[in-house]
Structures are given as structure tokens and as C-alpha cells.
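Peer 1: What would the 3D arrangement of this be:
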Amino acid sequence: MSVTTQDVAYIAELARLRFTESERDKMASELNAILHYVEKLNEVDTEGVEPLSSIHDEVNVLREDFRRESIANEVALKNAPDRLDRFFRVPKVIG
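Peer 2: So this is what the prediction gives:
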């Protein structure tokens with residue numbers, strides 16, 4: 001399979017891109033190089049090789065979740081520099 005400049009022009013139209021004639025030629029050449037590389041990969045013998053879902057052998061490396069008592073509102077606000085009722089008061093950062 002190879003990509004022609006007409007293919008590049010068609011794809012560019014679908015993507016609403018504009019290329020000059022030299023850019024189209026270059027793009028066709030680069031796309032053909034990519035396709036040639038992918039075809040090389042198809043030549044590799046993968047018989048008996050299991051497909052990977054991840055490059056790591058690790059399974060669920062996250063810590064266990066556990067329930068614990070949350071901090072009381074008054075304790076959380078005890079050292080707050082500024083507060084409004086039961087909320088932290090912070091400077092406005094969005095104009």
C-alpha cells in the first residue's frame with residue numbers, strides 16, 4: 001500500500017488542512033516511509049507471543065483502601081488563618 005499526493009490532498013480536505021504542492025509531496029513521502037516501517041514490523045515472527053495489555057508484570061500496585069474516621073470540621077479549621085463559619089476563607093484567585 002502506498003500513499004499518493006491525491007490521497008494526501010483528500011485527507012487534507014477532510015481535516016480542513018491546506019498544503020502546498022511541495023508539502024503534499026513531502027507528506028506523501030513521509031507517510032509512505034511510515035507505512036513501509038509498519039510493513040517491516042509485520043514480517044516479525046510473533047507466533048506463540050502473548051499480546052500485552054501493559055509493559056509491566058505488576059498487577060494492581062495500588063495500596064489497599066481502608067475506611068477511617070475523617071477529621072472534624074472544628075479541628076481542621078483550628079489553625080486556619082481566616083475562616084467564614086465552617087469554611088476556609090482564601091483570597092480570590094479568579095478575576
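Peer 1: could you pull out the strands for this protein?
Peer 2: 83-84, 87-88 (DSSP state E).
Peer 1: Those: which one's closest to residue 17?
Peer 2: strand 87-88 (48.6 Å; CB to CB). The C-beta positions use only the backbone N, C-alpha and C, and glycine is treated the same way.
Peer 1: quick check, distance from the closest one to the centre of its chain.
Peer 2: From the chain centre to the centre of strand 87-88 is a distance of 35 Å (CA atoms, centre = their mean, to the nearest Å).
Peer 1: likewise stretch 72-91?
Peer 2: In terms of CA atoms, centre = their mean, the gap separating the centre of stretch 72-91 from the centre of its chain is 37 Å.
Peer 1: Dump it to PDB, keeping only the CA atoms.
Peer 2: What follows is stretch 72-91, C-alpha atoms only, in PDB (Å, rounded to 0.1, in the frame of the first residue of the first chain):
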ATOM      1  CA  ALA A  72     -13.700  17.000  62.500                       C
ATOM      2  CA  ASN A  73     -14.600  20.400  60.900                       C
ATOM      3  CA  GLU A  74     -13.500  22.300  64.100                       C
ATOM      4  CA  VAL A  75     -10.200  20.500  64.300                       C
ATOM      5  CA  ALA A  76      -9.500  21.200  60.600                       C
ATOM      6  CA  LEU A  77     -10.300  24.900  61.000                       C
ATOM      7  CA  LYS A  78      -8.400  25.300  64.300                       C
ATOM      8  CA  ASN A  79      -5.200  26.700  62.700                       C
ATOM      9  CA  ALA A  80      -6.800  28.300  59.700                       C
ATOM     10  CA  PRO A  81      -5.600  31.900  59.200                       C
ATOM     11  CA  ASP A  82      -9.100  33.000  58.100                       C
ATOM     12  CA  ARG A  83     -12.400  31.300  58.200                       C
ATOM     13  CA  LEU A  84     -16.100  32.000  57.500                       C
ATOM     14  CA  ASP A  85     -18.400  29.900  59.600                       C
ATOM     15  CA  ARG A  86     -17.400  26.300  58.900                       C
ATOM     16  CA  PHE A  87     -15.300  27.100  55.800                       C
ATOM     17  CA  PHE A  88     -11.700  28.100  55.000                       C
ATOM     18  CA  ARG A  89     -11.600  31.600  53.700                       C
ATOM     19  CA  VAL A  90      -9.000  32.100  50.900                       C
ATOM     20  CA  PRO A  91      -8.100  35.000  48.600                       C
END
